[in-house]
Every structure is written in C-alpha cells, then in structure tokens.
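Visitor: Provided below are the primary sequence and the corresponding predicted coordinates.
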Amino acid sequence: MNDETPNVQPPPQGARLGGLKIVAIVVVATVIATLAAVWAVTTYLFPSEFKPVTLSAKEERTLDAKLERLDSFEKGPSSRREPPQSAGEAPLEPEAYSEEGADREIVLSEKELNALLAKNTDLATKLAIDLADDLDSAKLLVPLDEEFPFLGGKTLKVTAGLQLAYAEGRPVVALRGVSVWGVPLPNAWLGNLKNVDLVKEFGGGEGFWSAFAAGIDEIAIEEGSLRVRLKE
C-alpha cells in the first residue's frame, strides 16, 4: 500500500484568470439584466404622466379659428350680460339662427386634438391620442386607489386602438384591441367585440349607432389628421 500523498499541482495562472473573467461577465450580465428589468417595470408597469402637448402661436391661432367657426366658446349664457373684460373682447349680440353657408366639415390634426385635451380637460397628462391611416389609438394612465390590492397607489397603463373609416355609404367603427401594461386582453374579455364593425352589427335598428351613422356623411383618418363631414 502506497502511503505517499499525491502531489496536487495548482491550476495554471491562465486558468485562474479565465475563471475570474467568467465570474466578472456573469456579474456584469446580472447587473444589466436587473437594470433592464427595473427600467421595464418603471416604464411599462408604472409609467410617469404624459407631457401635455403645446401649440405654437401660429398653431394656436389656427385652432382658435377652427373652434370659432364651429361656434365653440367657453363662456356660458351669463357672459352675454357681462361687459368685455379687455379691449379684444366683444359682447355677444343676438342674431337669427341660419344654416345658410354653414361648413359641415371638421378637420383636426393629431396635435390639435391633444392640445385640446391639455387646454380644456384634466386628461392632458393621462391621455394621448395617435392618428394613423383609418386608426385612432389612445394611451391612458389610470391611477389606482391606495387601497387597491398589491398595486395600490400605482398607475395602470391602458392602450387601445379603434378603426375609423367610411365604406359602402356608412361609417366603419371597429375595436382593434385593448392592452393593459402591454398585454393584449382576450377577445372574450372585450365582449367578443374585437374587429367587429359596431355600426354594421348594432346599427340596424334604433339606437346610438344607427343615429350616429345617419348623421355622418364622411369620416376619414389619415396619418396625423381627422376629417369628419356631417349630413344636413
């Protein structure tokens, strides 16, 4: 029986360096993956508020002209009895109603729609609208109540797409889909209404969709623009 202790040779210096490199690579990859996960959670699961859209002075004048043409104004009936607040304002004057020469076409850009949200509602930092060919898309941030289980106080991110077009003499309105935190909801959860033409499906009798279709002469969405023409 040989009682001699075997002579164990230490690993070469190059092998030790190679092992350290592997450990370093694993550590760096883990750090990068962790940072990416934190960024994804922060961006997609708990996003910050949207930045409100602002118009230039020229764009603001163009939008004001469109709203004025549509007889849109913010003050109520009481303003008729109030004197003008500045030299640029004039009191309303009574006039007979007439539709002669009225322009029934409404054209708004994507930027104008988002600017209207920022100007007239509290949704400017929570809702953003995108206009593409025959597609109206929206991103909505929904703050969750502090007592909501697990996610209390966080922000729910919802995105949705709606097809808007005009074909065969009537408007086409169809839900493309709804996603929550980037995960598309099943069609069954949406009442099986995904990609269903709502006007065709529900506009046969009396009701909202029938009346809506009856009042639209044309509707079109192109990249960055919405155009609607109303019937008489």
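Guide: Perfect, I can see it now. On a predicted model such as this, the values are computed, not experimentally measured, just so you know.
Visitor: Got the domain ranges for this structure?
Guide: In terms of domains, the chain is parsed into 15-45, 51-73+104-230 (source: automatic domain parsing).
Visitor: Redo the ones you listed as CSV? Include mean neighbour count.
Guide: Yep, even glycine has a C-beta here, placed from its N, CA and C like the rest. What follows is the domains of the chain, written out as CSV (neighbours: other CB atoms under 10 Å):
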stretch, mean neighbour count
domain 15-45, 10
domain 51-73+104-230, 14
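Visitor: what is the nearest residue to Asn195 once chain neighbours are set aside paired to in the beta sheet?
Guide: In this structure, Asn195 finds its nearest non-sequential neighbour in Ala174, 5.7 Å apart by CB to CB, 6 or more residues apart in numbering. For Ala174, the beta-bridge assignment (DSSP bridges) gives partners Gln163, Asp197.
Visitor: re the thing from before, what's the closest of the domains of the chain to Pro94?
Guide: Pro94 sits nearest to domain 51-73+104-230 of all those, at 14.3 Å, using CB to CB.
Visitor: Just after the helix or strand containing Ala115, pick out the following helix or strand.
Guide: Assigned by DSSP states H and E, Ala115 belongs to helix 110-120. Counting by DSSP H and E, the next helix or strand C-terminal to helix 110-120 is strand 127-132.
Visitor: Does anything pack onto that following strand? Which helices or strands?
Guide: Counting contacts by 3 or more CB pairs under 8 Å, 6 or more residues apart in numbering; DSSP states H and E, strand 127-132 packs against helix 110-120, strand 135-143, strand 216-222.
Visitor: Adding distance to Val228 and mean pLDDT as columns, could you present the ones you listed in a markdown table?
Guide: Below are those laid out as a markdown table (distance: least, CB to CB, whole Å; pLDDT from 0 to 100):
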| stretch | distance to Val228 | mean pLDDT |
| --- | --- | --- |
| helix 110-120 | 12 | 82 |
| strand 135-143 | 12 | 88 |
| strand 216-222 | 5 | 91 |
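Visitor: In JSON lines, list those along with distance to Thr155.
Guide: Output for these, formatted as JSON lines (distance: least, CB to CB, whole Å):
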{"stretch": "helix 110-120", "distance to Thr155": "17"}
{"stretch": "strand 135-143", "distance to Thr155": "5"}
{"stretch": "strand 216-222", "distance to Thr155": "28"}
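Visitor: Out of those, flag the one nearest Glu68.
Guide: helix 110-120 (13.6 Å).
Visitor: Can you give the contact residues for the closest one?
Guide: For helix 110-120, the external contacting residues (CB atoms under 8 Å, 6 or more residues apart in numbering) are 52-55, 59, 62-63, 66, 74, 108, 123-124, 127-131, 224-226.
Visitor: before we move on, the earlier item: ok, now which ones touch the residue nearest to Asn195?
Guide: Applying CB under 8 Å, 6+ apart, the residues near Ala174 are Leu162, Gln163, Asn195, Val196, Asp197, Leu198.
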